[in-house]
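Visitor: My questions are about this predicted structure, shown below with the sequence.
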Amino acid sequence: MGNSASASDINSFRASLESNQLPKSTSAITYGGLLNEHYFSGPVSDLPLDVFTDTCWDAEENVGWIGCYIRSKYDGNPIRKPINLVIVLDISGSMSDTLVAPITENDLYTLPSKMDVSKRAIRNLGTILIPGDRIAIVTFHEDSTVVTDFLEVCEDLGKKISELMEDVSPGGGTILASGMQTATNLLNTFLQNNPDIGDCENRIVFFTDMCDTSEDELGPATLMGMALNNAKNCLHTSYIGVGVDFDVDVTDAITRVKGSNYFCLFSEEDFENMLNTEFNYNFFPSAFDVSLKITTSEDNIIDSIYGTNYDDEMKLVRGHWSPEKHCLYSNEFRETVLTMLLIQQSGIVPTLPLEILGMIFNNISPPVECFFKINTYFPAPIQNGSTRGGLMLIKFKKYPNENASEFDITLSYKESVNSDIEIIRKRVSYQDDQIISHNLQKAVLLYKYVKYIKLLIDNPRDNKLQTYSDTIIEQMEDIYPNDPQILENRQNLEQFLCILRQLPPDTEGQEGCAIN
């Protein structure tokens with residue numbers, strides 16, 4: 001997506017289906033990946049980064065939902081500064097494989113290889129870059145080679161790149177760190193020799209299937225360490241996963257690095273969209289160190305957060321009472337505090353400073369603060385008034401005696417790596433009878449869709465679980481009959497179920513799994 005550094009789509013899942021194969025792991029489809037593909041309506045912002053919210057209570061499931069929509073004034077109008085671009089192309093033997101797994105014998109001769117598609121995409125960059133941009137190219141397998149140092153934009157840049165890449169062919173193993181090291185040295189040397197170059201985006205773009213064949217088990221970790229050090233010097237990295245061999249688990253970890261993102265590409269159309277149509281969205285971050293903090297009372301329990309690479313790293317801490325946060329608490333707690341303050345004012349007990357009273361109130365019912373990271377924000381496309389992605393979906397529970405609650409939402413970010421932290425605060429309230437918005441209804445359905453498919457990937461022969469698909473498909477048909485994205489998701493699910501039904505029976509059987 002534009003938006004966070006998490007997976008921008010679920011192309012890895014779709015590629016498995018196109019090859020008539022089950023995904024290798026549940027990481028092929030992520031909550032953030034699917035939410036990032038869909039468009040959500042709502043207000044736009046005139047700030048570098050902002051957050052808008054809506055809420056609802058699902059009485060049937062007995063859970064509440066908060067939708068946090070991260071928006072930027074650069075959505076639909078991304079920043080386009082000059083870019084110093086280092087292309088790093090994997091030329092190991094696996095890059096000679098077809099872009100998607102062949103199904104028929106004819107596919108072996110007609111489907112394009114990963115290498116051919118990657119070379120064409122790199123050549124086409126010569127027609128996309130603008131004056132002020134520069135491009136260098138590195139290839140690697142076990143070792144790395146500088147194909148060309150930085151070239152400035154010229155009229156025949158695409159032709160020049162094509163000639164330089166003509167003799168590049170795949171072969172050998174893969175040591176990811178070799179390509180990263182050479183690209184880093186190339187970019188650092190260029191910047192040292194050009195200290196007055198001005199404000200530019202400095203980015204390394206990896207074209208690879210992320211299959212490190214080195215005997216060093218720390219190969220991917222070494223790559224991540226290099227990317228971390230580069231990010232400290234404002235050298236950012238994008239990873240283009242070429243074909244179905246893309247190791248999503250490894251890259252999910254790598255793209256947690258500041259300024260990084262990744263894309264899974266399985267067709268020439270994917271390459272065209274990512275490197276041409278949405279080039280300005282994908283390689284120019286508009287905010288860094290982005291995080292959300294949610295403050296509420298103990299009567300509300302933050303259960304889960306979906307939409308970032310950090311879904312499993314939600315951090316809950318005890319907060320501190322203050323007059324500003326008083327309204328977040330339950331009615332019972334507020335009545336207790338009011339009684340204590342009235343007693344103080346009556347003179348029955350000595351008057352205590354507000355700080356001491358806060359410590360006493362914390363022991364009665366401390367507020368709960370939930371932190372989670374978004375890391376880097378990339379601007380998002382806008383289509384027909386709706387913005388793509390940028391949704392963080394928060395699931396919470398509450399005590400039965402509470403029919404309404406409030407939450408404080410705090411968004412913090414830096415507009416540039418070295419700028420000061422900016423803070424946006426919003427207060428969110430909900431009622432049990434609040435009508436669910438179209439956006440939130442769609443987001444919750446997509447959450448259930450991803451959770452259901454993950455369960456099926458882990459339990460492919462669970463017949464009871466498969467029958468739940470009728471419920472998901474029916475909701476998609478009834479609520480969103482004219483939404484082309486929902487239609488594609490529904491077709492993906494039907495195709496996935498078809499593959500499951502072709503599996504041989506499991507003699508040991510499987511126990512059922514609950515979708516809720």
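Guide: Yep, that arrived. Residues are numbered from 1 along each chain as shown.
Visitor: Tell me the secondary structure at K81.
Guide: The three-state assignment at K81 reads coil, by DSSP: H, G, I helix; E, B strand; the rest coil.
Visitor: wouldn't it be in contact with D199 here?
Guide: Yes - contact status for K81 versus D199: in contact at 5.8 Å, counting by Cβ atoms under 8 Å. In short, each C-beta sits where N, CA and C put it, glycine included.
Visitor: More neighbours: which of these two?
Guide: Neighbours around K81 and D199, counted as other Cβ atoms under 10 Å, are more numerous at K81. The numbers are 12 against 7.
Visitor: so what's that one up against?
Guide: D199, C200, E201, F284 (Cβ atoms under 8 Å, 6 or more residues apart in numbering).
Visitor: Can you say which of these are buried?
Guide: The neighbour-count criterion (16 or more other Cβ atoms under 10 Å) marks C200, E201, F284 among those as buried.
Visitor: Pick out whichever of the residues you listed sits closest to F52.
Guide: Proximity of the buried ones among the contacts of K81 to F52 (Cβ to Cβ) peaks at F284, which lies at 22.9 Å.
Visitor: dump the residue contacts of that closest one.
Guide: When contacts are counted by Cβ under 8 Å, 6+ apart, F284 is found next to P78, I79, R80, K81, I83, E201, F378, P379.
Visitor: how about a cut-off of 6 Å?
Guide: Counting by Cβ atoms under 6 Å, 6 or more residues apart in numbering, F284 touches P78, I79, E201.
Visitor: how near is it to N492?
Guide: As judged by Cβ to Cβ, to the nearest Å, F284 and N492 stand 30 Å apart.
Visitor: before we move on, what about G32?
Guide: When distance is defined by Cβ to Cβ, G32 is 17 Å away from N492.
Visitor: Name the residue in the two with the higher neighbour count.
Guide: Set side by side, G32 and N492 give different neighbour counts by other Cβ under 10 Å, the larger being at G32 (29 against 19).
Visitor: centre of the chain versus the host helix or strand of the more buried one, how much separation?
Guide: Taking DSSP states H and E as the criterion, G32 maps to helix 31-37. Using Cα atoms, centre = their mean, to the nearest Å, the distance from the centre of helix 31-37 to the centre of the chain it belongs to is 7 Å.
Visitor: after it comes which helix or strand?
Guide: The helix or strand immediately downstream of helix 31-37 is strand 39-40, counting by DSSP H and E.
Visitor: Quick check: which helices or strands does that next one pack against?
Guide: Other helices and strands packing on strand 39-40, by 3 or more Cβ pairs under 6 Å, 6 or more residues apart in numbering; DSSP states H and E, are strand 386-388.
Visitor: Not counting its neighbours along the chain, what's nearest V44?
Guide: Sequence neighbours aside, R71 is the residue nearest to V44 in space, at 6.2 Å (criterion: Cβ to Cβ, 6 or more residues apart in numbering).
Visitor: if I look at V51, how far off is I130?
Guide: Using Cβ to Cβ, V51 is found at 32 Å from I130.
Visitor: More neighbours: the two, which one.
Guide: V51 (22 against 10).
Visitor: got a list of what the more buried one touches?
Guide: Neighbouring residues of V51 by Cβ under 6 Å, 6+ apart: C68, I70, L411, I424, K426.
Visitor: Drop anything exposed from the residues you listed.
Guide: Applying 16+ other Cβ under 10 Å to these, the neighbour count classes C68, I70, L411, I424 as buried.
Visitor: Low-confidence ranges, the stretch 201-350 of the chain, go.
Guide: Within the stretch 201-350 of the chain, the stretches with pLDDT under 70 are 212-220, 244-255, 298, 309-334.
Visitor: Also the stretch 1-150 of the chain?
Guide: Where the stretch 1-150 of the chain drops to pLDDT under 70, the residues are 1-7.
Visitor: Swap in 90 and give it another go.
Guide: Applying pLDDT under 90 to the stretch 1-150 of the chain flags residues 1-12, 15-16, 18-28, 30, 32-33, 42-44, 56-64, 79, 98-110.
Visitor: just so I have it, where are all the helices in it?
Guide: Taking DSSP state H, counting those that start in this stretch as the criterion, the stretch 1-150 of the chain carries its helices at 11-18, 31-37, 107-110, 114-128.
Visitor: Tell me the buried residues in the last one?
Guide: By neighbour count on 16+ other Cβ under 10 Å, the buried set for helix 114-128 is 114-119, 121-126, 128.
Visitor: could these be laid out in a markdown table, adding distance to D478?
Guide: Formatted as a markdown table, the buried residues of helix 114-128 follow (distance: Cβ to Cβ, whole Å):
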| residue | distance to D478 |
| --- | --- |
| K114 | 40 |
| M115 | 45 |
| D116 | 44 |
| V117 | 39 |
| S118 | 42 |
| K119 | 46 |
| A121 | 40 |
| I122 | 45 |
| R123 | 46 |
| N124 | 42 |
| L125 | 44 |
| G126 | 48 |
| I128 | 42 |
